[in-house]
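Engineer: the amino acid sequence is not available; the structure is as follows:
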Ligand code: PDD
């Protein structure tokens with residue numbers, strides 16, 4: 001049976017209960033992280049915990065645990081699924097109190113974490129690429145916060161699924177922001193381009209690593225505005241996230257992207273990414 005962490009205790013999932021007055025449930029008043037684990041080792045744990053701190057500060061919620069308390073709690077949690085590749089999900093909400101929009105006084109946050117086996121990226125997606133749909137970015141203006149209020153992301157991803165696609169790529173005022181649950185890159189004449197980090201997108205941990213690996217490999221990288229025209233004329237389009245790694249997009253709506261197959265630059269950077277993952281698994285970066 002799956003063991004989860006709730007407010008200081010490890011307990012079976014079926015016994016983990018929270019109040020219906022929890023502000024995460026009533027208002028989506030909370031933040032979260034998703035952290036991959038390969039073998040026994042976390043994938044970039046510190047950057048994930050730093051982003052958590054940043055999200056908490058942005059919603060004016062004090063981090064209930066120190067960095068070392070998070071590290072030891074999450075390490076204990078992943079031992080219940082010993083050795084498996086896992087995705088740790090953690091969430092902090094402002095806690096439970098009678099319903100009122102303004103923050104209640106003297107309230108304890110709800111802290112929850114669970115770990116599930118990570119679903120491997122389907123081999124077909126890596127060989128053939130995936131389809132994406134292009135949609136208006138209907139989300140709020142604080143997309144740099146990893147908020148649990150994800151209804152617009154949910155609706156956008158569902159639209160993609162109902163069109164037979166794997167992701168929705170989002171445009172705000174004619175400029176690309178990101179995917180419904182991923183960051184975006186395009187390749188234009190050999191240059192790897194991704195939108196500048198601002199409040200219109202999440203600062204992805206995978207995005208950072210891709211930029212690092214590509215730069216080390218001598219690939220020219222640019223962080224700048226990407227227009228609809230740039231997207232439609234791109235030689236390659238990629239989506240990045242902790243759970244889906246680097247996905248090559250080979251169809252956008254009904255139009256073929258580039259050659260219609262994962263591009264050469266994707267192959268080069270994905271190889272480096274897979275090598276990095278194996279180094280994580282071997283314990284090279286520790287926890
Ligand atoms: N989401 N942008 C959005 C809106 C996301 O939801 C995610 C990831 C990313 C990529 O971030 P990272 O590389 O740090 O995973 C970008 C996670 C996986 C989720 O919600 O399940």
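Structural biologist: That came through, no problem. Computed from a predicted structure; not experimentally measured.
Engineer: could you chop this protein up by domain?
Structural biologist: The chain breaks down into these domains under automatic domain parsing: 3-117, 123-280.
Engineer: and the chain, which of its residues are near the ligand?
Structural biologist: Taking Cβ under 6 Å from any ligand atom as the criterion, the neighbours of the ligand within the chain are 34, 153, 178, 181-183, 202, 204-207, 240-243. The way it works is simple: take the backbone N, C-alpha and C, and place the C-beta from them, glycine included.
Engineer: got the phi and psi for the nearest residue to residue 108 once chain neighbours are set aside?
Structural biologist: Take residue 108 and drop its neighbours on the chain: the residue closest to it by Cβ to Cβ, 6 or more residues apart in numbering is residue 95, 5.0 Å away. The phi and psi values for residue 95, taken as degrees, to the nearest 10, are phi 110, psi -170.
Engineer: residue 95: what's it in contact with?
Structural biologist: Residues near residue 95 by Cβ atoms under 8 Å, 6 or more residues apart in numbering: 22-23, 104, 107-110.
Engineer: so residue 55 touches residue 149, yeah?
Structural biologist: No - with contact taken as Cβ atoms under 8 Å, residue 55 and residue 149 are classed as non-touching, separated by 11.7 Å.
Engineer: picking that back up, and the pLDDT at the residue nearest to residue 108?
Structural biologist: In the predicted model, residue 95 carries a pLDDT score of 98.
Engineer: again, but for residue 254
Structural biologist: 88.
Engineer: quote the end-to-end distance of stretch 141-155.
Structural biologist: Taking Cα to Cα, to the nearest Å, the span from the opening residue of stretch 141-155 to its closing residue is 17 Å.
Engineer: what's the offset of that stretch from the middle of its chain?
Structural biologist: 11 Å (Cα atoms, centre = their mean, to the nearest Å).
Engineer: residue 157 reaches residue 169, doesn't it?
Structural biologist: No - in terms of Cβ under 8 Å, residue 157 does not count as a neighbour of residue 169; the distance is 11.3 Å.
Engineer: these two: who's more crowded?
Structural biologist: When residue 157 is set against residue 169 and neighbours are counted by other Cβ atoms under 10 Å, the residue ahead is residue 169, at 25 against 21.
Engineer: point to the residue nearest the middle of the chain.
Structural biologist: residue 241 (4.7 Å; Cα atoms, centre = their mean).
Engineer: show me what the nearest residue to that one once chain neighbours are set aside is bridged to.
Structural biologist: In space, not counting the residues next to it along the chain, residue 241 is nearest to residue 182; the distance is 4.1 Å by Cβ to Cβ, 6+ apart. When bridges are called by DSSP bridges, residue 182 pairs up with residue 179.
Engineer: quick one: residue 182 and residue 238 touch, right?
Structural biologist: No - with the criterion set as Cβ under 8 Å, residue 182 and residue 238 do not qualify as a contacting pair; they are 9.0 Å apart.
Engineer: list residues touching both of the two?
Structural biologist: Applying Cβ under 8 Å, 6+ apart, one finds that residue 182 and residue 238 are jointly contacted by residue 247.
Engineer: still on that earlier bit, of the contacts of residue 95, closest to the ligand?
Structural biologist: Proximity of these to the ligand, judged by Cβ to the nearest ligand atom, is greatest for residue 110, which lies at 18.4 Å.
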